[in-house]
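In: Fold the following, please.
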Amino acid sequence: MSTIPRPIRRIAVSALTLAALLSLGCSSSTPSAATGTPVVSAATAPQVVAAKDPFWAMYKSAHEWAPDVIAIRLSQRSLEGYKNAAGKAGIWEAAFGSPSLRQYRLYTYAVADAPPDIFKGVKAGLPMSWGGESRDAMAVDLASFNVDSDAAYQTASANAAGWLKSNPGKELTALELGQTYKFAGPVWYSQWGTKGSGYSTLVDANTGKVLNHK
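Out: Numbering: from 1, shown residues only. Sure, this is the predicted structure:
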């Protein structure tokens, strides 16, 4: 049976998590004299963005690498100096696989530079060996990817409102798009806190409806 390499396994939704989950330019920053941490001017800084436009920019680049490319996962990441909020992020990361090449690549889209590893726009990682799709990390049906991350977040946070009220200060720790055998199409997974003591919600990426929560 084909297995997904560790980086893909990390981004694919695990069977346990999926029981509740799917149960898979120039920067406007300048270094701080004291810490070296970028200090972003609110007046000139790029803004955090929802997922769909970055995804399609990454997909275009991935399609140039391999015409048979499939999307496996799309995840929110953090960019130093920018605060992710309301389903928008400073960096989005996508995993794409090529069945013919038996390889996958991670792509990122960043709103600003953060040297030495992060650069504004699309950046492709090195191709890695890949065993192909699995039940918990299927190709995302792009025709059903209609709900953007900010809309999914709004629905998920409304669903989690009671838990968030009882657990003030809990941050969103995961926001990602994936697809498994358990659902007919892609879903958005949102998680606050930890898997063991947090709250997670699944939102249908086609209809925008809540499918599951924990």
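In: can you map out the strands along the protein?
Out: All strands of the chain, identified by DSSP state E, fall at 29-31, 38-40, 70-77, 91-98, 103-110, 121-124, 128-129, 172-178, 187-192, 199-204, 210-213.
In: Now do the fourth one and strand 103-110, the angle between them.
Out: In other words, strand 91-98. 160 degrees (axes from the mean of the first three to the mean of the last three CA atoms, to 10 degrees).
In: what's the pLDDT at the residue most central in space within the chain?
Out: Centroid-nearest residue in the chain: residue 75, 0.9 Å away (criterion: CA atoms, centre = their mean). With respect to pLDDT, residue 75 scores 98.
In: quick one, what contacts it?
Out: Residue 75 sits next to 11, 92-94, 174-177 when contact means CB atoms under 8 Å, 6 or more residues apart in numbering. (Each C-beta comes from the backbone N, C-alpha and C, glycine too.)
In: Reformat the residues you listed as TSV; add distance to residue 166 and pLDDT.
Out: Compiled in TSV, those are given as follows (distance: CB to CB, whole Å; pLDDT from 0 to 100):
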residue	distance to residue 166	pLDDT
11	30	37
92	30	98
93	31	98
94	34	98
174	20	96
175	21	98
176	25	98
177	27	98
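In: Next one: residue 107 from residue 57, what distance?
Out: Distance check for residue 107 against residue 57: by CB to CB, to the nearest Å, it reads 9 Å.
In: shared neighbours of these two, anything?
Out: With CB under 8 Å, 6+ apart, residue 107 and residue 57 have common neighbours residue 122.
In: Look at those two and report which has more neighbours.
Out: Higher neighbour count among residue 107 and residue 57: residue 107, with 23 against 16, using other CB atoms under 10 Å.
In: quick revisit: quick one: which of the strands of the chain is nearest residue 50?
Out: Nearest to residue 50 among these is strand 91-98 (8.9 Å), distances taken as CB to CB.
In: other SSEs contacting the closest one?
Out: helix 6-11, helix 52-65, strand 70-77, strand 103-110 (3 or more CB pairs under 8 Å, 6 or more residues apart in numbering; DSSP states H and E).
In: got any ranges where this protein has weak pLDDT?
Out: 1-45 (pLDDT under 70).
In: quick one: the residue lying closest to residue 77 once chain neighbours are set aside and residue 200, what's the gap?
Out: Computed as CB to CB, 6 or more residues apart in numbering, the closest residue to residue 77 that is not its neighbour in sequence is residue 91, at 4.0 Å. From residue 91 across to residue 200, the span is 21 Å (CB to CB).
In: cool, and residue 186?
Out: 16 Å.
In: And the helices and strands packed on strand 91-98: which comes nearest residue 151?
Out: helix 52-65 (9.8 Å).
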